[in-house]
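**Student:** here is a sequence with its predicted model. Questions after.
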Amino acid sequence: MSSFVDTLPEVFERFGRIVVRRMFGGHGVYHDGRMFALVIGDTLYLKTDAESAPHFDRLQLPAFTYERQGKLTQLSYREAPAEIFEDRGEAALWARRAWEAALRSGQPPKSSRPRQPAAKKKAAAKKTPVRRTSGNKP
């Protein structure tokens with residue numbers, strides 16, 4: 001992980017425990033299994049929706065966009081205000097807004113358990129002992 005990403009648990013300490021996971025060239029930031037922020041490079045984007053967008057609009061914070069197959073795509077994440085990196089109270093406020101937008105999105109929470117690569121799953125399945133009942137004799 002980058003040194004920027006490593007600072008995020010401290011930035012959001014008043015909000016609560018976060019988990020950062022690598023994803024498509026960046027990192028997802030999760031709280032209670034729901035992704036509420038996205039990090040691309042050294043830029044933090046927070047989840048938005050119709051209810052939270054006016055807070056971002058007032059500060060003219062841009063949306064996260066990327067190009068795919070020649071088309072510009074905009075996601076429902078907006079750049080976080082710079083003051084959250086200096087003020088833990090502000091960080092908690094903005095994180096809560098983003099997390100509530102994630103809750104309203106209807107997306108189910110992700111498992112907090114790290115996923116195993118397919119090769120490890122197969123190896124674990126091969127090692128599973130066979131249970132014998134009293135009716136089965138070797």
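**Tutor:** Perfect, I can see it now.

**Student:** list the buried ones in the longest helix belonging to the chain?
**Tutor:** In the chain, assigned by DSSP state H, the helix with the most residues is helix 88-104. Along helix 88-104, these residues count as buried under the neighbour rule (16 or more other Cβ atoms under 10 Å): 90-102. Just so you know, the C-beta spots here come from the backbone N, C-alpha and C atoms, and that holds for glycine as well.

**Student:** next: stretch 22-37.
**Tutor:** Across stretch 22-37, burial judged by 16+ other Cβ under 10 Å covers 26, 27, 28, 29, 30, 31, 34, 35, 36, 37.

**Student:** and for stretch 3-14?
**Tutor:** 5, 8, 11, 12.

**Student:** how long is that stretch end to end?
**Tutor:** 20 Å (Cα to Cα, to the nearest Å).

**Student:** and if you look at stretch 8-27?
**Tutor:** OK, stretch 8-27 end separation, Cα to Cα: 11 Å.

**Student:** which residues sit against the longest helix of the chain?
**Tutor:** Helix 88-104 is touched from outside by 11-15, 31-32, 34-37, 46-49, 51-52, 55, 76, 80-81, 83-85, with contacts defined as Cβ atoms under 8 Å, 6 or more residues apart in numbering.

**Student:** inside helices: which ones of these?
**Tutor:** Among the contacts of helix 88-104, the members falling in helices (DSSP H) are 11, 55.

**Student:** quick one: low-confidence ranges for this protein?
**Tutor:** 111-138 (pLDDT under 70).

**Student:** just put the buried residues of helix 88-104 in JSON lines and tack on distance to residue 1.
**Tutor:** Listed next are the buried residues of helix 88-104 as JSON lines, based on distance: Cβ to Cβ, whole Å:
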{"residue": "90", "distance to residue 1": "23"}
{"residue": "91", "distance to residue 1": "19"}
{"residue": "92", "distance to residue 1": "22"}
{"residue": "93", "distance to residue 1": "25"}
{"residue": "94", "distance to residue 1": "21"}
{"residue": "95", "distance to residue 1": "19"}
{"residue": "96", "distance to residue 1": "24"}
{"residue": "97", "distance to residue 1": "25"}
{"residue": "98", "distance to residue 1": "20"}
{"residue": "99", "distance to residue 1": "21"}
{"residue": "100", "distance to residue 1": "26"}
{"residue": "101", "distance to residue 1": "24"}
{"residue": "102", "distance to residue 1": "21"}
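
**Student:** kind regards, and thank you for your time.
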